[in-house]
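A.B. asks: Here is a sequence together with a model predicted from it:
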Number of protein chains: 2
Amino acid sequence: MDNDANAVFERVCEHARETALLAAVESTLGWDERTMLPEAAGPYRAEQVTLLSGMIHDRQTDPQLGQWLEELSEGPLVADPSSDAGTTIRRLKRRYDKRVKLPKRLVEELTRTAALSEHAWQKARKRGDFPTMQPWLEKIFQLKREEADALGYEQRRYDALLDDYEPEARTSHVAETLSGLREQLVPLVEAIQKCGRKPDTSILTRKYPVALQEQLGRMAARQIGFDFERGRLDVTAHPFCTELGPDDCRIATRYSESFFNEALFGILHEAGHGIYDQGLRTDQYGLPPGDSVSLGIHESQSRLWENLVGRSRAFWEWLYPEAQRCFPEALGDVGLDAFYYAINAVEPSLIRVEADEATYNLHILIRFELEQAVLDEELAVGDLPGAWKEKYRKYLGVEPRDDGEGVLQDIHWSAGLIGYFPTYALGNLCAAQFFAAADRALGGLSESFARGDFGPLREWLRENIHRQGQRYNAEELVERVTGEPLSHGPLMSHLRGKLEPLYGLA
Amino acid sequence: MDNDANAVFERVCEHARETALLAAVESTLGWDERTMLPEAAGPYRAEQVTLLSGMIHDRQTDPQLGQWLEELSEGPLVADPSSDAGTTIRRLKRRYDKRVKLPKRLVEELTRTAALSEHAWQKARKRGDFPTMQPWLEKIFQLKREEADALGYEQRRYDALLDDYEPEARTSHVAETLSGLREQLVPLVEAIQKCGRKPDTSILTRKYPVALQEQLGRMAARQIGFDFERGRLDVTAHPFCTELGPDDCRIATRYSESFFNEALFGILHEAGHGIYDQGLRTDQYGLPPGDSVSLGIHESQSRLWENLVGRSRAFWEWLYPEAQRCFPEALGDVGLDAFYYAINAVEPSLIRVEADEATYNLHILIRFELEQAVLDEELAVGDLPGAWKEKYRKYLGVEPRDDGEGVLQDIHWSAGLIGYFPTYALGNLCAAQFFAAADRALGGLSESFARGDFGPLREWLRENIHRQGQRYNAEELVERVTGEPLSHGPLMSHLRGKLEPLYGLA
């Protein structure tokens, strides 16, 4: 009986590994599309990923696989649900039960549409051209509605989509968590705006030659632990990180010669994602124990390195002399304190990926509300630009000049990623909570950062988070690692602890 | 009956197009491997291409496809064998009949081995490390023997492999053609070496900043007709051109700061391949009427642009002022005549891809002879380095200092490409014969090159060669386009016409 189960389990693992192999091929095509693909090659590439997504869907919904998983779910291997075998069987069963609800035609159509639409977006964003994107977005939202309805949901249609990125999460719970955060955040941002103090952020918009930005970014990414023998850094329109295999993690960013923050913090952010991927168990690649938990947990790793580490004073005690060597004209006359203050400026702004730590979550809230409204057909796609502007006025007091810096700034909706945005805010909350726990456990993190030593923190994350794979879901993991359920407490403490002294509050 | 045949034909085309879609995915992985893949990611990539090669093999040997092709081969659509339908059916039938002879295990094993071995070669070449490569090469030659034996052959084992690159060609005929060429070539090279005149080639090994080489190369490639909206240029260890879709042709080259020829002529060469690929009928992509004829014909296009055009005086009348602007320190004091003489220097040398037009074919002959000997087990892989040195001494009077500039210089054997080399020499012959025909037909080509106008030649090639697809085999195509069978006459006329005045001969 046990031997039987083991043999079936082996077959399931082999099946899943081969599916992962195909999925890695699809990811490679996606990476190429975002970094390398020639202008005219979009349509054929869309056909390629469509074919692959259909093949992957066939494998994921293979009735034989379903039967094996059914059998194993009642067998001895799930006795310990957080063992490798138990984790594998539970997670694969859940994925199987979900995927079989989707017709292949819909999966292929979504893949094709997203690939073409993403390609169109790359051009439309530059020109701030919403009318070109409108039919694409309409089609995508329509297909995503079909997807949600096929998957089914108890409370909200949005739940069905959110689950892809944040398994087992509920829209209502996320909304509650975010509104709790907002209640604390808005008074802090208001106090900062009224306090009458302001850093000189103009030093960040001086001239920063791109080649040197890349050099500094690579150095910083390497130092915090991104392994370039197992990964790459490239240029793209919308920064991202993707895993193409157990030893192939690729990050991409964009550069602006007249803005320091964009590339450097973008690289730290993506390298944070990369360090998570590179910290997963390679012997379990393609299986749940070797896979990341959720996008919220993934984002916690990127935001942790970008913000908790990368915007700390200790980090810049280490890196600032090198930054001054790279950019003597821009930073030669700027002291560390002034620089540190500038990179921590709180200022409502237009672009999410460049937003400060405090206002960032308001950008997320806007998207989270808008995409729910469109999905539920309470808001027409054609009305998105107007609704976007209104919400930016209301929540942040700013208004985009065009749709390129407005509703078209993010790739997500064009790429079919609906339900993805809230994971960014969840990631912020988790990042602060994990960091506080690490600091309690390890002590002296600031001192090690100031020496350029990020090993202790990285190893703690690796042990406590990366190498856990999908053993626990996001909620369970946070509670196990930090000793308490996810809350906005640690993030607010972190923000207050940093910003109140800088702005002379309290 | 006709309607039936048309319906079956449609199914065959759809089948072939989907196979091509998968093959394009595999090509994308191959391109990535040669230009982008992180150091540690080789083994997993090898698994990916292995999986795909197996899937492609399954499709190519699908018994249903075989039955359809059998049916169509006796039907009305092949009445005109060079019609689109006739071409498609004939070529696909030939491919099917060949592929079914190969066991899937062997196809997968060859793919996996070649991918891993190619990755190992990239490191081994730099270090001139033959011992690391020896077991890889032994395994590859052994697998290629198995492949040849499975395919079967009438005269030589080598025939079975040559056919992959030069369909319907015979080793004996190629050997005869090349030895005819050698008989004419050797006296010419000897006369040049004895004549006492020599260009100053040191001007080509001055300092040429890489970024400017790339800029000049891109400009030249664009001007001769490589379309960057439908393609890319990247950096690699061994220059190549690959087609990843109807609108996605990628070329790659390598740069040396201290040698002008390597990148510039490399780019012209690969752009020549690219112009062929980009000139194929996109409406027939994935089908024989939209596919290239053979590697010899492919090479004729690259060598034509590299040598017949790119090493002509008229071409440099156009480009030399720009080259002087890019490299004022290296070329500011060099006149056009001296430069033209230097880039046409005939000098036995070690590296094939940098060899001059005259001695190049002797490099090919060496490889052609050695790979036959190893395939037939007349020479052990372990004895290749020694045999290589001996032949270089004998045929060219030079000897490599290490295996990096010797037997390991080319990627081919490490990548499983046995039987490929002679197509380079066939390409040289075809290039000269095609060019002579174009010059007869169009007249005034030199004058148009001097103005930077390459349109007339490119259109002639497109019409007469590219858009013919696989309608004719290489031999037939040459005869149709030039009015006579392939011979060494045009190449020798071209070489004499150029070199005798430069070296003051005759």
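C.D. replies: Perfect, I can see it now. Computed from a predicted structure; not experimentally measured.
A.B. asks: Which residues are in contact with A:Val49?
C.D. replies: Applying C-beta atoms under 8 Å, 6 or more residues apart in numbering or on different chains, we find A:Val49 in contact with A:Glu26, A:Leu29, A:Gly30, A:Glu33, A:Thr111, A:Arg112, A:Ala115. Every residue, glycine included, has its C-beta placed from N, CA and C.
A.B. asks: pLDDT weak spots in chain A?
C.D. replies: Across chain A, the ranges flagged by pLDDT under 70 are A:1-3.
A.B. asks: can you rerun that using 90?
C.D. replies: Counting by pLDDT under 90, chain A shows low-confidence ranges at A:1-3, A:119, A:122, A:237-238, A:353-354, A:506.
A.B. asks: List the buried residues for the longest helix anywhere in it?
C.D. replies: Secondary structure assigned by DSSP state H gives helix A:2-35 as the longest helix of chain A. For helix A:2-35, burial by neighbour count (16 or more other C-beta atoms under 10 Å in any protein chain shown) applies to A:5, A:8-9, A:12-13, A:15-16, A:19-35.
A.B. asks: still on that earlier bit, which among the contacts of A:Val49 gets closest to B:Gly444?
C.D. replies: Among those, A:Glu33 lies closest to B:Gly444 (C-beta to C-beta), at 43.6 Å.
A.B. asks: got the angle between whatever helix or strand A:Arg59 lives in and helix B:2-35?
C.D. replies: In the assignment (DSSP states H and E), A:Arg59 maps to helix A:42-60. Here the directions of helix A:42-60 and helix B:2-35 differ by 90 degrees (axes from the mean of the first three to the mean of the last three C-alpha atoms, to 10 degrees).
A.B. asks: what comes into contact with the very next helix or strand once past helix A:42-60?
C.D. replies: Remark: after helix A:42-60, the chain's next helix or strand is helix A:63-73, criterion DSSP H and E. Identification of contacts with helix A:63-73 by C-beta under 8 Å, 6+ apart yields A:5, A:8-9, A:11-12, A:15, A:59, A:78, A:89-90, A:92-93, A:96, A:100.
A.B. asks: Just name the closest of the residues you listed to A:Leu491, please.
C.D. replies: A:Arg90 (30.3 Å).
A.B. asks: so what secondary structure elements neighbour the helix or strand where that closest one lies?
C.D. replies: According to DSSP H and E, A:Arg90 maps onto helix A:84-99. Packing partners of helix A:84-99 (3 or more C-beta pairs under 8 Å, 6 or more residues apart in numbering or on different chains; DSSP states H and E): helix A:2-35, helix A:42-60, helix A:63-73.
A.B. asks: Just want the angle from it to helix A:63-73.
C.D. replies: 130 degrees.
A.B. asks: For helix A:84-99, list the C-alpha coordinates in CSV.
C.D. replies: Extracted C-alpha coordinates of helix A:84-99, given in CSV (Å, rounded to 0.1, in the frame of the first residue of the first chain):
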residue,chain,number,x,y,z
ASP,A,84,7.4,17.5,1.1
ALA,A,85,5.1,14.9,-0.1
GLY,A,86,2.1,16.3,1.8
THR,A,87,2.8,19.8,0.5
THR,A,88,3.2,18.5,-3.1
ILE,A,89,0.0,16.5,-3.1
ARG,A,90,-2.1,19.2,-1.4
ARG,A,91,-1.0,22.0,-3.7
LEU,A,92,-1.1,20.1,-6.9
LYS,A,93,-4.5,18.8,-6.1
ARG,A,94,-5.7,22.3,-5.4
ARG,A,95,-4.2,23.5,-8.8
TYR,A,96,-5.7,20.5,-10.6
ASP,A,97,-9.2,21.1,-9.2
LYS,A,98,-9.0,24.7,-10.2
ARG,A,99,-7.5,24.3,-13.7
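A.B. asks: Show me what counts as buried in that helix.
C.D. replies: Buried residues in helix A:84-99 (16+ other C-beta under 10 Å): A:84-96, A:98-99.
A.B. asks: For the stretch 101-250 of chain A, just list every one of the helices.
C.D. replies: A:104-127, A:130-151, A:157-165, A:171-194, A:210-224 (DSSP state H, counting those that start in this stretch).
A.B. asks: Indicate which one of the helices and strands packed on helix A:84-99 is closest to B:Val398.
C.D. replies: Closest among the helices and strands packed on helix A:84-99, using C-beta to C-beta: helix A:2-35, at 40.7 Å.
A.B. asks: and the residue nearest the centre of chain A, what does it touch?
C.D. replies: Nearest residue to the geometric centre of chain A (C-alpha atoms, centre = their mean): A:Glu299, 4.3 Å. Taking C-beta under 8 Å, 6+ apart, we find A:Glu299 in contact with A:His273, A:Thr423, A:Tyr424, A:Leu426, A:Gly427, A:Asn428, A:Cys430, A:Ala431.
A.B. asks: just A:Ala438 next, same as before
C.D. replies: A:Ala438 touches A:Leu445, A:Leu457, A:Trp460, A:Leu461, A:Asn464, counting by C-beta under 8 Å, 6+ apart.
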